[in-house]
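Participant: Structure for this input, please:
(one chain, ligands or ions: 2)
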Amino acid sequence: MAFRVVVLISGNGSNLQAIIDAHAAGTLPVELVTVMSNRKDAYGLTRATNAGIPTSYFPLKPFKDAGKTREEYDAALVAEIQKLNPDLIVLAGWMHILSKGFVDPFEGKIINLHPALPGQFDGANAIERAYEAFKKGEITSTGVMVHKVTAVVDHGEVICQKAVPILPADTLADLQERMHSTEHELIVEGVRKLATKP
Ligand SMILES: Nc1nc2c(c(=O)[nH]1)N[C@@H](CN(C=O)c1ccc(C(=O)N[C@@H](CCC(=O)O)C(=O)O)cc1)CN2
Ligand SMILES: NCC(=O)N[C@@H]1O[C@H](COP(=O)([O-])[O-])[C@@H](O)[C@H]1O
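Facilitator: Ligands and ions are numbered 1, 2, ... in the order given. As a prediction, the model looks like this:
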C-alpha cells in the first residue's frame, strides 16, 4: 500500500519542488496524492500541475466573508483532507496557524518545515529575524527543522534539524539562499523518515 502524502502550501512551493524532484528521482517512496493551497496565486499549484499531481485551492476568505471562524475553516479543511485518506500531511510553506480542530483528527500525521532551530524564532519571518539577531551580534548561526505539528506553533517533536552558519559578510539574501537550500534537503529527509519508519 503506497504511503499517501498530501502537501499544503501557500506560496512559491520550492520545498514542494524538492519533494517532487526526489519522488521523480525514485528516492522518495511515497504517493503524492494532492497539493492544497489557501492562496490561488501560489506558484506551488503550478509546480504540482506540471508534475501531474492533483491540486486543490481552499481559501479562507469565503469563510470570513460568511462570518465564519478560522476554526470552521479548519474543520472544513479537515473534511476535505480526510477524503484523501493521507498517511502524512506536509506543511511546506503553509502560512496559516492551524487550530486544535485541525491538528487533533490528524494526531501525529502532520509535519512542518520551519526555518529555525527548536525554540528559536518561532512563527513567521524566522529567517529575517535571525538575520536581525546576527546583525546585532547575538548569533552566528541559525538552522532549519522539520517537526511534528501540534496546536502550539513550531513546538512539536523534531524529526530532523540542521544548523546553518551565518557568515560575517552575509547579506540577508545570502542567508536566505543558504537556508532555502537546507530546507530543500531537510523536507525530503523528514518525509522519507516518516515514510520508511518501521
Ligand atoms: N498549529 C500549528 N499550525 C502551524 C504550525 C504549527 O507548528 N502548529 N506551523 C506553521 C508554519 N509556520 C512556521 O513554521 C507559521 C506560519 C505562519 C504563521 C503566521 O503567523 N500566520 C498568520 C498569517 C500569516 C500570513 O497569512 O501571511 C496567521 O495564521 O494568522 C506562523 C507560523 C503552519 N501552521
Ligand atoms: N513558518 C514556516 C515558514 O516560515 N516557512 C518559510 O516559507 C517558505 C516557503 O517557501 P516555498 O513556498 O518556496 O516552499 C520557506 O522557505 C520557509 O522559510
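
Participant: can you pull out the helices in the chain?
Facilitator: Using DSSP state H, the helices found in the chain span residues 14-24, 43-50, 61-65, 70-82, 100-103, 126-135, 172-196.

Participant: tell me which residues of the fifth one are tucked away?
Facilitator: Okay, so that is helix 100-103. By neighbour count with 16 or more other C-beta atoms under 10 Å, helix 100-103 contains the buried residues 101, 102, 103. (Each C-beta comes from the backbone N, C-alpha and C, glycine too.)

Participant: Dump those to TSV, plus distance to residue 28 and pLDDT.
Facilitator: Output for the buried residues of helix 100-103, formatted as TSV (distance: C-beta to C-beta, whole Å; pLDDT from 0 to 100):
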residue	distance to residue 28	pLDDT
101	30	96
102	25	97
103	24	97
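
Participant: and which of the residues you listed is nearest to residue 34?
Facilitator: residue 102 (16.0 Å; C-beta to C-beta).

Participant: Excluding residues flanking it in the chain, which one is nearest that closest one?
Facilitator: residue 74 (4.0 Å; C-beta to C-beta, 6 or more residues apart in numbering).

Participant: In the protein, which residue sits closest to ligand 2?
Facilitator: residue 93 (2.6 Å; C-beta to the nearest ligand atom).

Participant: per-residue confidence at that residue?
Facilitator: According to the prediction, residue 93 has pLDDT 96.

Participant: wait, it sits on residue 47?
Facilitator: No. Judged on C-beta atoms under 8 Å, residue 93 makes no contact with residue 47 at a distance of 11.4 Å.

Participant: Now do the shared contacts for those two.
Facilitator: Shared between the contact lists of residue 93 and residue 47 (criterion: C-beta atoms under 8 Å, 6 or more residues apart in numbering) are residues 13, 16.

Participant: and residue 178, what does it touch?
Facilitator: Residue 178 touches 164, 165, 170, counting by C-beta under 8 Å, 6+ apart.

Participant: Of these, which is the most crowded?
Facilitator: In terms of neighbour count, residue 164 stands highest of these at 19 neighbours, by other C-beta atoms under 10 Å.

Participant: Dig out what that one forms beta bridges with.
Facilitator: residue 142 (DSSP bridges).

Participant: i'd like the first residue to be 52 from this point on
Facilitator: With the count now opening at 52, the last piece we talked about shows up as residue 215.

Participant: and the closest residue to residue 147 other than its chain neighbours, how many neighbours?
Facilitator: Excluding the flanking residues, the one nearest residue 147 by C-beta to C-beta, 6+ apart is residue 89, at 5.6 Å. Number of residues near residue 89 (other C-beta under 10 Å) recorded here: 18.

Participant: The one 3 residues further on now?
Facilitator: Residue neighbour count, defined by other C-beta under 10 Å, stands at 10 for residue 92.

Participant: Please report how far the closest residue to residue 128 other than its chain neighbours lies from residue 90.
Facilitator: Spatial nearest neighbour of residue 128, chain neighbours left out: residue 109 (5.8 Å); criterion: C-beta to C-beta, 6+ apart. Relative to residue 90, residue 109 is positioned 10 Å away (C-beta to C-beta, to the nearest Å).
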